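Undergrad: what follows is a predicted structure for the sequence shown.
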Amino acid sequence: MMSKTGFTTKALNVPYPKEDPHNALQMPLYEAVAFEFDSAEQIEANFKGEYIAHVYSRSSSPTVEYFEQKLKALTECHGVIAVSSGMAAISNSILAITRSGDNIIAGNRLFGHTLSLFQQTLSEFGLETRFSDLRDANEIETLIDSNTRAIYFETVTNPQLEVSDIELLASVARKHKLLLITDSTITPPNVFRAADFGVNIEVISTTKYISGGATSFGGAIVDHGNFDWTNQPNVKSYTEKFGKNAFLAKIRKNIYRNTGGSMAPQTARYQIQGLDILEIRVERCYKNCMVLSEFLSAHPKVKRVDYPGLPQDKGYKLAQKYFGGVPGTIMSFDLESKEACYSFMNKLKIIRRATNLNDNKSLIIHPDSTIYAEFSEAERAKVNIRNTMMRLSVGIENAGDLIADIEQALD
């Protein structure tokens, strides 16, 4: 639909699944739990998969369906499942493709809660995660065996801001017939076209960019339809009935339905509207991010700045290649000590001390003492988390006001 139009134009013109009787320009909010059928035969056909309709909102609802269709149109993917959070998107995807005794290979710079999911939660159910430097194809290949099911990575790590070489990972995954899964939360669909670089599945925390400014929390699983599911032993049985939809069917009819991680229709309503303004917000945040990163890079009290949008950053060339030079709108920077970081944060008047990304407001945290607090000092050092580092998520405020706030806090 309208494939040659711009991102925002397309977002504003995705048709509803069914015509609205009142011609509403905003998708109505369907808060119903259950949906009636015309006959016993019709509801039987629905449960057999012969008649597609909404039956119960834990499985699907009209408002959530429209959010899924809108994101599908904007990513030009095969299919989308909306879930309750970004962590639900990760866990549903991994649970769908693994069983006890299997393993996955993951980057060794993962976001703290994802690291905890793999190390602490899923390991108790018999899933092994083999952590690797994903820049080294040889190292990755030494970890692959007959029980390896996927390579999992983040497009840009959070908060280290390291950019993955996606085509390298795709090459290894194809060679060994493995699924390539990425968390692309930091690089939204208006700047990153995952399928163009060989990604099979994207998991997204829609709480971030897509919600439209921290209005709600949710997640999405994006299937690009470019993986042969007969090569995935834990999904293979679904291919006989569902073919190319095997992965989506296993999640929707098994994992997602049975674990109860569905997106609420109220959330979907917010996030539908968030998709309408996604491109505009990203553009403003990116411009601010560049101004602030350049300012901080030149400040004598700032010891280090990491942002792949800067030409001097080690991830700059990859960011240009994969994201058109827009590698998200968060940065990290270091002061001389933890005490200096705390003093700086406590003096801020406009930038908020809060743990989220891509709100309309600029937000700052000290990762070492927050999202990585449960890890040991050695574990934090291993994933390059320094006690002198702060993570800044840049919002849509006026750039001059943000600079003034940082200047007074650094004094």
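TA: Structure's in. What do you need?
Undergrad: C-alpha from now on. contacts and neighbour counts both.
TA: Noted.
Undergrad: any buried residues in stretch 138-156, and which?
TA: For stretch 138-156, a neighbour-count test (16 or more other CA atoms under 10 Å) marks 140, 144, 148, 149, 150, 151, 152, 153, 154, 155, 156 as buried.
Undergrad: hang on, isn't the fifth one packed against residue 180?
TA: Read that as residue 150. Yes - with contact defined as CA atoms under 8 Å, residue 150 reaches residue 180; the gap is 5.8 Å.
Undergrad: joint contacts of the two?
TA: residue 173 (CA atoms under 8 Å, 6 or more residues apart in numbering).
Undergrad: can you give me the helices for the stretch 251-400 of the chain?
TA: With helices called from DSSP state H, counting those that start in this stretch, the stretch 251-400 of the chain shows them at 256-259, 265-276, 278-297, 316-323, 338-347, 377-382, 399-410.
Undergrad: of those helices, which stretch is the most buried?
TA: helix 265-276 (a mean of 23; mean count of other CA atoms under 10 Å).
Undergrad: can you list contacts of it?
TA: Contacts of helix 265-276 (CA under 8 Å, 6+ apart): 8, 11-12, 27-31, 61, 63-64, 66-67, 70-71, 206, 209-213, 215-218.
Undergrad: what does stretch 372-388 give?
TA: Under CA under 8 Å, 6+ apart, the answer for stretch 372-388 is 108-110, 112, 160, 334-338, 340-341, 366-369.
Undergrad: among the residues you listed, which ones are buried?
TA: Buried, going by 16+ other CA under 10 Å: 108, 109, 110, 112, 160, 334, 335, 338, 341, 366, 367, 368, out of these.
Undergrad: return the subset of those residues lying in strands.
TA: residue 334 (DSSP state E).
Undergrad: domains for this protein, by residue range?
TA: 7-275, 279-410 (automatic domain parsing).
Undergrad: so who does residue 166 touch?
TA: Residues near residue 166 by CA under 8 Å, 6+ apart: 155, 197, 198, 199, 322.
Undergrad: a markdown table for the domains of the chain, including mean pLDDT?
TA: A markdown table is the format used below for the domains of the chain (pLDDT from 0 to 100):
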| stretch | mean pLDDT |
| --- | --- |
| domain 7-275 | 95 |
| domain 279-410 | 96 |
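Undergrad: double-check that residue 131 belongs to a helix.
TA: No - read with DSSP: H, G, I helix; E, B strand; the rest coil, residue 131 is strand and lies in no helix.
Undergrad: partner residues bridging it?
TA: residue 106 (DSSP bridges).
Undergrad: what sits against it?
TA: Counting by CA under 8 Å, 6+ apart, residue 131 touches 105, 106, 107, 108.
Undergrad: buried ones among those residues?
TA: The neighbour-count criterion (16+ other CA under 10 Å) marks 105, 106, 107, 108 among these as buried.
Undergrad: now the residues you listed as a markdown table including distance to residue 357?
TA: As requested, the buried ones among the contacts of residue 131 are exported to a markdown table (distance: CA to CA, whole Å):
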| residue | distance to residue 357 |
| --- | --- |
| 105 | 26 |
| 106 | 22 |
| 107 | 21 |
| 108 | 21 |
